[in-house]
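Trainee: Give me a model of this one.
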Amino acid sequence: MDNKKEKKNRTLAENRKARHDFFIEEVYEAGIELIGTEVKSIRMGKVNLKESYAEIRNGEMFIVGMHISPYEMGNIYNRDPLRARKLLLHKAEIDKLSMMSSAEGFTLIPLSLYLKNGRVKMAIAVAKGKKNYDKRDSLIEKAHKRDVAREMKERNKY
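Mentor: Prediction:
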């Protein structure tokens with residue numbers, strides 16, 4: 001039973017740097033408009049979310065800078081690896097995201113790309129950039145939590 005659930009929501013790519021560089025405010029799930037060879041390449045794990053972001057043009061949302069390597073067997077059906085791809089969201093969600101991203105310092109960034117019931121989905125976050133001192137603070141906090149967890153584990157051994 002657990003095996004089936006794992007296959008339903010399988011992470012294909014993750015933007016690990018996003019949580020380090022940004023404060024995540026809200027996360028949305030969006031579908032993504034792809035061509036067949038792109039889906040095959042994504043399923044093989046040949047996708048890169050670094051340096052990508054989402055933007056709203058004419059009431060539609062696009063992901064810009066996401067690199068999907070060309071599928072080896074795709075020959076003439078392969079498209080430009082860096083082309084802007086349309087994200088599929090409801091109009092109300094796009095309007096809300098537009099208002100939130102227009103605020104000072106906020107941007108729309110992809111967090112992860114995953115399969116949900118056989119379809120490729122993307123987690124989009126409304127995020128605010130961190131300053132260098134914020135990054136240092138979060139690294140110190142993470143190290144402190146790790147040390148506390150290690151101490152608790154040592155204490156519980158005896």
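Trainee: Can you pull out the residues in contact with the helix or strand where A30 lies?
Mentor: Using DSSP states H and E, the element containing A30 is strand 22-32. The set of residues external to strand 22-32 that reach it, using C-beta atoms under 8 Å, 6 or more residues apart in numbering, is 18, 61, 63, 85-89, 93, 97, 100, 106-107, 109, 111, 113, 116, 119-130, 134. Every residue, glycine included, has its C-beta placed from N, CA and C.
Trainee: quick one: K135 and D21 touch, right?
Mentor: Yes - judged on C-beta atoms under 8 Å, K135 makes contact with D21 at a distance of 7.3 Å.
Trainee: Show me which of the contacts of strand 22-32 are buried.
Mentor: By the neighbour-count criterion of 16 or more other C-beta atoms under 10 Å, the contacts of strand 22-32 include these buried positions: 18, 61, 63, 85, 87, 89, 97, 106-107, 109, 111, 113, 120-127, 130.
Trainee: what residue is smack in the middle of the chain?
Mentor: Closest residue to the average C-alpha location of the chain: L111 at 2.0 Å, with C-alpha atoms, centre = their mean.
Trainee: who does whichever strand or helix holds it touch, helix- and strand-wise?
Mentor: For L111, the enclosing helix or strand under DSSP H and E is strand 106-116. In terms of contacts (3 or more C-beta pairs under 8 Å, 6 or more residues apart in numbering; DSSP states H and E), strand 106-116 is packed against helix 2-8, strand 9-14, helix 16-21, strand 22-32, strand 53-57, helix 91-102, strand 119-129.
Trainee: Go through these and name the closest to K157.
Mentor: helix 2-8 (29.3 Å; C-beta to C-beta).
Trainee: sorry, back to before: restrict the strand holding L111 to CA atoms and write it as CSV.
Mentor: Taking Å, rounded to 0.1, in the frame of the first residue of the first chain, the C-alpha atoms of strand 106-116 are listed here in CSV:
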residue,chain,number,x,y,z
PHE,A,106,8.7,39.6,-3.1
THR,A,107,9.3,37.2,-6.0
LEU,A,108,7.8,34.0,-7.3
ILE,A,109,10.2,31.0,-7.3
PRO,A,110,9.9,27.3,-8.0
LEU,A,111,10.6,25.0,-5.0
SER,A,112,10.2,21.6,-6.6
LEU,A,113,9.0,19.6,-9.6
TYR,A,114,7.1,16.4,-8.9
LEU,A,115,4.7,13.8,-10.2
LYS,A,116,1.2,13.7,-8.8
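Trainee: That'll do, ta.
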